[in-house]
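[1] just need the structure, nothing else, for what follows:
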Amino acid sequence: MTATIKDVAKLASVAPSTVSRVIANNPRISEKTKRRVREAMDHLGYHPNFNARSLANRASQAIGLVMPGSADKAFQNPFFPEVIRGISTIVHEKEYALYMSTGQTEEEIYDGVVRMVQGGRVDGILLLYSSVDDHVMNYLIDKKFPFALVGKPLKNEQSITHIDNDNFQAARDVADYLISLGHEKIGFVGGSSRLVVTIDRLLGYEKSLRSHRLSYREEFIIHEEFLEKGGQEAIRKLMALDEPPTALLVMDDLMAFGVLRTLNEMQLSVPDDISIVSFNNLMLAAFSTPGLTSVDINIFQLGYEAAACLMDLISKPDQTPMRVAVPYRLIERQSCKAKTAQKEESV
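    Below you'll find the predicted structure:
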(Lines give C-alpha, C1' and ligand atoms only; values in the text may rest on other atoms or scores of the structure.)
Protein backbone atom coordinates (compact mmCIF):
# COMPACT_ATOMS: atom_id res chain seq x y z
CA MET A 1 0.00 0.00 0.00
CA THR A 2 1.34 3.45 -0.96
CA ALA A 3 2.40 5.63 1.96
CA THR A 4 0.56 8.90 2.46
CA ILE A 5 1.53 12.24 3.92
CA LYS A 6 -0.45 11.29 7.06
CA ASP A 7 1.67 8.14 7.46
CA VAL A 8 4.83 10.24 7.30
CA ALA A 9 3.43 12.73 9.82
CA LYS A 10 2.52 9.93 12.24
CA LEU A 11 5.95 8.28 12.03
CA ALA A 12 7.76 11.61 12.44
CA SER A 13 5.39 12.77 15.23
CA VAL A 14 4.48 15.99 13.44
CA ALA A 15 1.37 17.45 11.84
CA PRO A 16 0.66 16.71 8.15
CA SER A 17 1.02 20.44 7.46
CA THR A 18 4.59 20.27 8.82
CA VAL A 19 5.39 17.47 6.36
CA SER A 20 4.07 19.67 3.54
CA ARG A 21 6.28 22.54 4.69
CA VAL A 22 9.33 20.24 4.82
CA ILE A 23 8.61 19.07 1.27
CA ALA A 24 8.46 22.74 0.21
CA ASN A 25 11.73 23.36 2.13
CA ASN A 26 10.09 26.08 4.21
CA PRO A 27 12.85 28.02 6.05
CA ARG A 28 10.65 28.30 9.18
CA ILE A 29 10.98 24.56 9.84
CA SER A 30 14.08 23.66 11.87
CA GLU A 31 16.77 21.48 10.34
CA LYS A 32 16.21 18.92 13.10
CA THR A 33 12.53 18.56 12.17
CA LYS A 34 13.32 18.48 8.46
CA ARG A 35 15.79 15.67 9.04
CA ARG A 36 13.28 13.67 11.07
CA VAL A 37 10.55 14.08 8.47
CA ARG A 38 12.88 13.16 5.60
CA GLU A 39 14.04 10.06 7.44
CA ALA A 40 10.39 9.06 7.87
CA MET A 41 9.77 9.65 4.15
CA ASP A 42 12.75 7.48 3.24
CA HIS A 43 11.69 4.73 5.66
CA LEU A 44 8.17 4.60 4.21
CA GLY A 45 9.26 5.10 0.62
CA TYR A 46 7.06 8.18 0.36
CA HIS A 47 7.46 10.40 -2.73
CA PRO A 48 5.66 13.77 -2.94
CA ASN A 49 3.05 14.17 -5.65
CA PHE A 50 4.62 17.09 -7.51
CA ASN A 51 1.75 17.36 -9.97
CA ALA A 52 -0.63 17.99 -7.09
CA ARG A 53 1.79 20.46 -5.55
CA SER A 54 2.10 22.30 -8.84
CA LEU A 55 -1.66 22.66 -9.14
CA ALA A 56 -1.91 23.90 -5.58
CA ASN A 57 0.98 26.33 -5.92
CA ARG A 58 0.25 27.28 -9.53
CA ALA A 59 3.88 26.42 -10.19
CA SER A 60 5.44 23.86 -12.52
CA GLN A 61 8.45 22.93 -10.36
CA ALA A 62 10.51 23.08 -13.55
CA ILE A 63 12.93 25.47 -15.22
CA GLY A 64 13.62 25.76 -18.93
CA LEU A 65 17.06 25.59 -20.54
CA VAL A 66 17.64 27.39 -23.84
CA MET A 67 20.67 26.50 -25.96
CA PRO A 68 22.46 28.73 -28.51
CA GLY A 69 21.12 26.85 -31.53
CA SER A 70 20.13 23.23 -31.87
CA ALA A 71 20.73 20.92 -28.92
CA ASP A 72 22.33 18.41 -31.32
CA LYS A 73 25.18 20.78 -32.11
CA ALA A 74 25.40 22.25 -28.62
CA PHE A 75 25.98 18.85 -27.02
CA GLN A 76 28.92 18.20 -29.32
CA ASN A 77 30.73 20.74 -27.15
CA PRO A 78 31.58 19.49 -23.62
CA PHE A 79 30.93 23.01 -22.26
CA PHE A 80 27.18 22.40 -22.20
CA PRO A 81 27.08 19.06 -20.33
CA GLU A 82 29.39 20.60 -17.72
CA VAL A 83 27.38 23.81 -17.27
CA ILE A 84 24.21 21.69 -17.02
CA ARG A 85 25.92 19.56 -14.36
CA GLY A 86 26.31 22.73 -12.29
CA ILE A 87 22.69 23.70 -12.94
CA SER A 88 21.45 20.22 -12.01
CA THR A 89 23.11 20.40 -8.60
CA ILE A 90 20.84 23.27 -7.51
CA VAL A 91 17.83 21.91 -9.38
CA HIS A 92 18.13 18.60 -7.54
CA GLU A 93 18.44 20.33 -4.18
CA LYS A 94 15.27 22.34 -4.87
CA GLU A 95 13.44 19.28 -6.27
CA TYR A 96 12.87 20.95 -9.61
CA ALA A 97 12.90 19.39 -13.07
CA LEU A 98 14.68 20.60 -16.22
CA TYR A 99 12.80 21.32 -19.43
CA MET A 100 15.09 21.74 -22.42
CA SER A 101 14.48 23.57 -25.70
CA THR A 102 14.87 21.26 -28.70
CA GLY A 103 14.38 23.57 -31.67
CA GLN A 104 16.73 23.29 -34.64
CA THR A 105 16.44 26.91 -35.82
CA GLU A 106 16.19 30.28 -34.06
CA GLU A 107 12.51 30.44 -34.97
CA GLU A 108 11.81 26.97 -33.57
CA ILE A 109 13.70 27.79 -30.37
CA TYR A 110 11.74 31.03 -29.95
CA ASP A 111 8.42 29.23 -30.52
CA GLY A 112 9.44 26.60 -27.96
CA VAL A 113 10.17 29.26 -25.34
CA VAL A 114 6.80 30.92 -25.99
CA ARG A 115 5.10 27.56 -25.43
CA MET A 116 7.06 27.04 -22.21
CA VAL A 117 5.98 30.42 -20.86
CA GLN A 118 2.39 30.59 -22.07
CA GLY A 119 1.73 26.94 -21.25
CA GLY A 120 2.96 27.36 -17.67
CA ARG A 121 5.44 24.56 -18.22
CA VAL A 122 8.29 26.28 -16.36
CA ASP A 123 8.67 28.76 -13.49
CA GLY A 124 11.78 30.36 -14.93
CA ILE A 125 14.24 30.09 -17.81
CA LEU A 126 18.03 29.89 -18.09
CA LEU A 127 19.58 31.19 -21.29
CA LEU A 128 22.91 29.40 -21.83
CA TYR A 129 24.17 32.12 -24.17
CA SER A 130 23.91 35.84 -24.88
CA SER A 131 23.60 37.20 -28.41
CA VAL A 132 22.98 40.56 -30.02
CA ASP A 133 19.28 41.55 -30.16
CA ASP A 134 18.11 38.07 -29.12
CA HIS A 135 14.37 37.56 -29.71
CA VAL A 136 14.06 35.09 -26.83
CA MET A 137 15.58 37.50 -24.30
CA ASN A 138 13.50 40.39 -25.60
CA TYR A 139 10.35 38.25 -25.25
CA LEU A 140 11.18 37.27 -21.65
CA ILE A 141 11.88 40.90 -20.73
CA ASP A 142 8.60 42.00 -22.31
CA LYS A 143 6.65 39.31 -20.41
CA LYS A 144 8.51 40.07 -17.15
CA PHE A 145 9.16 36.35 -16.87
CA PRO A 146 11.91 35.18 -14.47
CA PHE A 147 15.11 34.35 -16.35
CA ALA A 148 18.85 34.37 -15.84
CA LEU A 149 21.63 34.52 -18.36
CA VAL A 150 24.89 32.56 -18.57
CA GLY A 151 26.86 35.31 -20.24
CA LYS A 152 26.62 39.10 -20.30
CA PRO A 153 23.85 41.09 -21.98
CA LEU A 154 25.06 43.55 -24.59
CA LYS A 155 22.87 46.24 -23.02
CA ASN A 156 20.61 46.70 -19.97
CA GLU A 157 23.18 45.02 -17.72
CA GLN A 158 21.64 46.52 -14.59
CA SER A 159 18.19 45.07 -15.29
CA ILE A 160 19.12 41.49 -16.26
CA THR A 161 20.43 38.81 -13.91
CA HIS A 162 23.55 37.36 -15.50
CA ILE A 163 26.44 35.13 -14.53
CA ASP A 164 29.70 35.36 -16.43
CA ASN A 165 33.48 35.69 -16.39
CA ASP A 166 35.17 38.97 -17.23
CA ASN A 167 35.71 37.89 -20.83
CA PHE A 168 37.20 41.21 -21.91
CA GLN A 169 39.95 41.01 -19.28
CA ALA A 170 40.49 37.26 -19.76
CA ALA A 171 41.18 37.69 -23.49
CA ARG A 172 43.39 40.69 -22.80
CA ASP A 173 45.36 38.59 -20.29
CA VAL A 174 45.80 35.82 -22.86
CA ALA A 175 47.01 38.22 -25.55
CA ASP A 176 49.34 39.87 -23.00
CA TYR A 177 50.72 36.41 -22.17
CA LEU A 178 51.45 35.60 -25.81
CA ILE A 179 53.02 39.01 -26.34
CA SER A 180 55.22 38.43 -23.26
CA LEU A 181 56.53 35.34 -25.08
CA GLY A 182 57.64 37.57 -27.95
CA HIS A 183 54.72 37.00 -30.35
CA GLU A 184 53.61 39.96 -32.43
CA LYS A 185 51.49 38.20 -35.07
CA ILE A 186 48.61 36.77 -33.02
CA GLY A 187 45.50 35.32 -34.63
CA PHE A 188 42.03 35.28 -33.09
CA VAL A 189 39.70 32.31 -33.67
CA GLY A 190 36.27 33.14 -32.29
CA GLY A 191 32.67 32.02 -32.45
CA SER A 192 29.76 33.86 -34.05
CA SER A 193 30.23 37.64 -34.10
CA ARG A 194 26.62 37.90 -32.78
CA LEU A 195 27.59 36.26 -29.48
CA VAL A 196 28.46 38.73 -26.72
CA VAL A 197 31.24 36.47 -25.43
CA THR A 198 32.92 36.74 -28.85
CA ILE A 199 32.50 40.52 -28.86
CA ASP A 200 33.99 40.91 -25.37
CA ARG A 201 36.96 38.64 -26.02
CA LEU A 202 37.71 40.25 -29.36
CA LEU A 203 37.69 43.67 -27.66
CA GLY A 204 40.07 42.39 -24.98
CA TYR A 205 42.39 40.96 -27.63
CA GLU A 206 42.32 44.25 -29.56
CA LYS A 207 42.99 46.28 -26.40
CA SER A 208 46.07 44.19 -25.63
CA LEU A 209 47.47 44.60 -29.14
CA ARG A 210 46.94 48.36 -29.18
CA SER A 211 48.37 48.83 -25.69
CA HIS A 212 51.56 47.10 -26.92
CA ARG A 213 51.52 49.15 -30.14
CA LEU A 214 50.96 46.09 -32.31
CA SER A 215 48.90 46.08 -35.50
CA TYR A 216 45.29 44.89 -35.38
CA ARG A 217 45.00 42.89 -38.58
CA GLU A 218 41.54 41.98 -39.89
CA GLU A 219 42.89 38.98 -41.79
CA PHE A 220 43.96 37.45 -38.45
CA ILE A 221 40.33 37.42 -37.17
CA ILE A 222 38.30 34.30 -38.01
CA HIS A 223 34.75 33.48 -36.85
CA GLU A 224 33.55 29.87 -36.90
CA GLU A 225 31.25 27.56 -34.90
CA PHE A 226 32.32 26.36 -31.45
CA LEU A 227 33.05 22.92 -32.86
CA GLU A 228 36.15 20.95 -33.84
CA LYS A 229 35.28 21.53 -37.50
CA GLY A 230 35.23 25.29 -36.84
CA GLY A 231 38.82 25.15 -35.62
CA GLN A 232 39.87 23.12 -38.67
CA GLU A 233 38.36 25.65 -41.06
CA ALA A 234 39.89 28.59 -39.19
CA ILE A 235 43.46 27.34 -39.13
CA ARG A 236 43.39 26.48 -42.85
CA LYS A 237 42.42 30.09 -43.63
CA LEU A 238 45.07 31.54 -41.31
CA MET A 239 47.93 29.34 -42.47
CA ALA A 240 47.12 30.17 -46.12
CA LEU A 241 48.03 33.84 -45.50
CA ASP A 242 51.30 35.19 -46.93
CA GLU A 243 52.29 36.03 -43.35
CA PRO A 244 50.49 33.59 -41.03
CA PRO A 245 50.34 34.24 -37.28
CA THR A 246 52.92 32.75 -34.93
CA ALA A 247 50.39 32.43 -32.09
CA LEU A 248 46.65 31.93 -31.73
CA LEU A 249 44.01 32.92 -29.21
CA VAL A 250 41.26 30.32 -29.72
CA MET A 251 37.94 30.93 -27.99
CA ASP A 252 37.05 27.31 -27.23
CA ASP A 253 39.00 24.12 -26.47
CA LEU A 254 36.95 22.05 -28.92
CA MET A 255 37.90 24.48 -31.70
CA ALA A 256 41.51 24.27 -30.51
CA PHE A 257 41.47 20.47 -30.84
CA GLY A 258 40.44 20.96 -34.46
CA VAL A 259 43.31 23.41 -34.89
CA LEU A 260 45.81 20.93 -33.40
CA ARG A 261 44.60 18.09 -35.62
CA THR A 262 44.81 20.17 -38.80
CA LEU A 263 48.26 21.54 -37.96
CA ASN A 264 49.44 17.98 -37.44
CA GLU A 265 48.05 17.02 -40.87
CA MET A 266 49.94 20.01 -42.31
CA GLN A 267 53.10 18.74 -40.59
CA LEU A 268 53.37 21.89 -38.50
CA SER A 269 54.45 21.63 -34.89
CA VAL A 270 52.84 23.14 -31.80
CA PRO A 271 54.50 25.04 -30.16
CA ASP A 272 57.62 25.01 -32.38
CA ASP A 273 55.86 26.55 -35.38
CA ILE A 274 52.87 28.18 -33.70
CA SER A 275 51.70 28.71 -30.09
CA ILE A 276 48.08 28.22 -29.00
CA VAL A 277 46.02 29.36 -26.01
CA SER A 278 42.38 28.40 -25.67
CA PHE A 279 39.42 28.76 -23.30
CA ASN A 280 37.35 26.41 -21.08
CA ASN A 281 40.08 24.07 -19.76
CA LEU A 282 38.15 20.92 -20.60
CA MET A 283 39.48 17.69 -19.12
CA LEU A 284 40.84 16.65 -22.52
CA ALA A 285 43.01 19.79 -22.69
CA ALA A 286 45.50 18.15 -20.33
CA PHE A 287 45.63 15.00 -22.48
CA SER A 288 45.91 16.56 -25.93
CA THR A 289 49.23 16.47 -27.81
CA PRO A 290 50.75 18.79 -26.80
CA GLY A 291 48.95 19.67 -23.58
CA LEU A 292 46.76 22.68 -24.33
CA THR A 293 47.31 25.94 -22.46
CA SER A 294 43.77 27.04 -21.61
CA VAL A 295 41.79 29.50 -19.50
CA ASP A 296 39.79 27.73 -16.81
CA ILE A 297 36.48 29.61 -16.72
CA ASN A 298 34.93 27.39 -13.99
CA ILE A 299 32.13 26.03 -16.17
CA PHE A 300 30.47 24.07 -13.36
CA GLN A 301 30.34 27.18 -11.18
CA LEU A 302 28.81 29.23 -14.01
CA GLY A 303 25.92 26.76 -14.14
CA TYR A 304 25.60 26.46 -10.37
CA GLU A 305 25.49 30.22 -9.81
CA ALA A 306 23.07 30.73 -12.69
CA ALA A 307 20.61 28.18 -11.28
CA ALA A 308 20.94 29.63 -7.77
CA CYS A 309 20.19 33.15 -9.06
CA LEU A 310 17.19 31.93 -11.05
CA MET A 311 15.77 30.15 -8.01
CA ASP A 312 16.06 33.41 -6.08
CA LEU A 313 14.17 35.25 -8.83
CA ILE A 314 11.43 32.60 -8.82
CA SER A 315 10.98 32.65 -5.03
CA LYS A 316 11.39 36.43 -4.71
CA PRO A 317 9.80 38.15 -7.74
CA ASP A 318 10.90 41.57 -6.45
CA GLN A 319 14.54 40.46 -6.21
CA THR A 320 16.97 43.07 -7.57
CA PRO A 321 18.73 41.79 -10.73
CA MET A 322 22.09 40.24 -9.88
CA ARG A 323 25.45 40.10 -11.62
CA VAL A 324 27.79 37.29 -10.55
CA ALA A 325 31.38 37.37 -11.80
CA VAL A 326 32.93 33.89 -11.80
CA PRO A 327 36.76 33.91 -11.55
CA TYR A 328 39.04 32.47 -14.24
CA ARG A 329 42.72 31.49 -14.41
CA LEU A 330 45.23 30.62 -17.09
CA ILE A 331 46.45 27.00 -16.97
CA GLU A 332 49.85 26.81 -18.68
CA ARG A 333 50.75 23.59 -20.50
CA GLN A 334 52.95 22.76 -23.48
CA SER A 335 51.20 24.47 -26.40
CA CYS A 336 53.08 27.77 -26.06
CA LYS A 337 56.71 28.71 -26.54
CA ALA A 338 58.66 31.96 -26.59
CA LYS A 339 59.06 33.37 -30.11
CA THR A 340 62.83 33.75 -29.66
CA ALA A 341 63.05 30.04 -28.82
CA GLN A 342 61.11 29.22 -31.98
CA LYS A 343 63.57 31.23 -34.09
CA GLU A 344 66.67 29.71 -32.47
CA GLU A 345 65.48 26.12 -32.96
CA SER A 346 64.54 26.70 -36.60
CA VAL A 347 68.04 27.97 -37.49
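
[2] any regions of the stretch 201-347 of the chain where pLDDT drops low?
    Applying pLDDT under 70 to the stretch 201-347 of the chain picks out residues 341-347.

[3] tell me where it has strands.
    Ranges of strands in the stretch 201-347 of the chain, per DSSP state E, counting those that start in this stretch, are 221-223, 247-250, 275-279, 293-296, 323-325, 329-331.

[4] would you turn those strands into JSON lines with mean neighbour count and distance to residue 172?
    Glycine gets a C-beta too; all of them are placed from N, C-alpha and C. Output for those, formatted as JSON lines (neighbours: other Cβ atoms under 10 Å; distance: least, Cβ to Cβ, whole Å):
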{"stretch": "strand 221-223", "mean neighbour count": "18", "distance to residue 172": "16"}
{"stretch": "strand 247-250", "mean neighbour count": "29", "distance to residue 172": "10"}
{"stretch": "strand 275-279", "mean neighbour count": "27", "distance to residue 172": "12"}
{"stretch": "strand 293-296", "mean neighbour count": "22", "distance to residue 172": "11"}
{"stretch": "strand 323-325", "mean neighbour count": "15", "distance to residue 172": "15"}
{"stretch": "strand 329-331", "mean neighbour count": "14", "distance to residue 172": "12"}
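
[5] between those strands, which one is nearest to residue 144?
    Proximity to residue 144 (Cβ to Cβ) singles out strand 323-325 among the strands of the stretch 201-347 of the chain, at 18.9 Å.

[6] quick one: contacts of the closest one?
    Contacts with strand 323-325, where a contact means Cβ atoms under 8 Å, 6 or more residues apart in numbering, come from 157, 161, 162, 163, 164, 165, 166, 305, 306, 309.

[7] change it to 7 Å
    With Cβ atoms under 7 Å, 6 or more residues apart in numbering as the test, strand 323-325 has contacts from 157, 162, 163, 164, 165, 166, 305, 309.

[8] narrow these to just the buried residues.
    For those, a burial check counting by 16 or more other Cβ atoms under 10 Å picks out 162, 163, 164, 165, 166, 305, 309.

[9] JSON lines for those residues, including distance to residue 42 and secondary structure?
    Listed next are the buried ones among the contacts of strand 323-325 as JSON lines, based on distance: Cβ to Cβ, whole Å; DSSP: H, G, I helix; E, B strand; the rest coil:
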{"residue": "162", "distance to residue 42": "38", "secondary structure": "strand"}
{"residue": "163", "distance to residue 42": "33", "secondary structure": "strand"}
{"residue": "164", "distance to residue 42": "39", "secondary structure": "strand"}
{"residue": "165", "distance to residue 42": "39", "secondary structure": "coil"}
{"residue": "166", "distance to residue 42": "44", "secondary structure": "coil"}
{"residue": "305", "distance to residue 42": "30", "secondary structure": "helix"}
{"residue": "309", "distance to residue 42": "30", "secondary structure": "helix"}
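
[10] could you dump these to CSV with distance to residue 209?
    Compiled in CSV, those are given as follows (distance: Cβ to Cβ, whole Å):
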residue, distance to residue 209
162, 27
163, 29
164, 23
165, 21
166, 18
305, 31
309, 34
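
[11] which of the residues you listed lies closest to residue 222?
    For the buried ones among the contacts of strand 323-325, the residue nearest residue 222 by Cβ to Cβ is residue 165; the value is 21.9 Å.

[12] that closest one reaches residue 328, doesn't it?
    Yes. Checked against Cβ atoms under 7 Å, the pair residue 165 and residue 328 is within contact range at 4.7 Å.

[13] between which two of the contacts of strand 323-325 is the distance greatest?
    Greatest spacing in the contacts of strand 323-325, by Cβ to Cβ: 166 and 309 (17.3 Å).

[14] need the overlap of contacts for residue 165 and residue 328.
    In contact with both residue 165 and residue 328: residue 297, using Cβ under 7 Å, 6+ apart.

[15] measure residue 85 to residue 307 for me?
    In this view, residue 85 and residue 307 are 11 Å apart by Cβ to Cβ, to the nearest Å.

[16] who's more crowded, the two?
    More neighbours surround residue 307 than the other of residue 85 and residue 307, with 30 against 13 (other Cβ atoms under 10 Å).

[17] show me the contacts for that one.
    Contact analysis of residue 307 by Cβ under 7 Å, 6+ apart lists 87, 90, 91, 126.

[18] tell me the mean pLDDT over stretch 168-180?
    For stretch 168-180, mean pLDDT rounds to 98.

[19] so what touches it?
    By Cβ under 7 Å, 6+ apart, the list of residues contacting stretch 168-180 from outside reads 186, 200-201, 203-205, 207-209, 212, 247, 249, 275, 277, 295, 328, 330.

[20] and it, which residues are buried?
    Under the neighbour-count criterion of 16+ other Cβ under 10 Å, stretch 168-180 has 168, 169, 170, 171, 172, 173, 174, 175, 176, 177, 178, 179 buried.

[21] of those, closest to residue 33?
    Checking these against residue 33 by Cβ to Cβ gives residue 170 as the nearest, at 45.7 Å.

[22] quick check: angle from the stretch of helix or strand the closest one belongs to to strand 275-279?
    In the assignment (DSSP states H and E), residue 170 maps to helix 167-180. Orientation check (axes from the mean of the first three to the mean of the last three Cα atoms, to 10 degrees): helix 167-180 against strand 275-279 gives 160 degrees.

[23] please compute how far helix 167-180 lies from its chain's middle.
    Helix 167-180 sits 20 Å away from the centroid of its parent chain (Cα atoms, centre = their mean, to the nearest Å).
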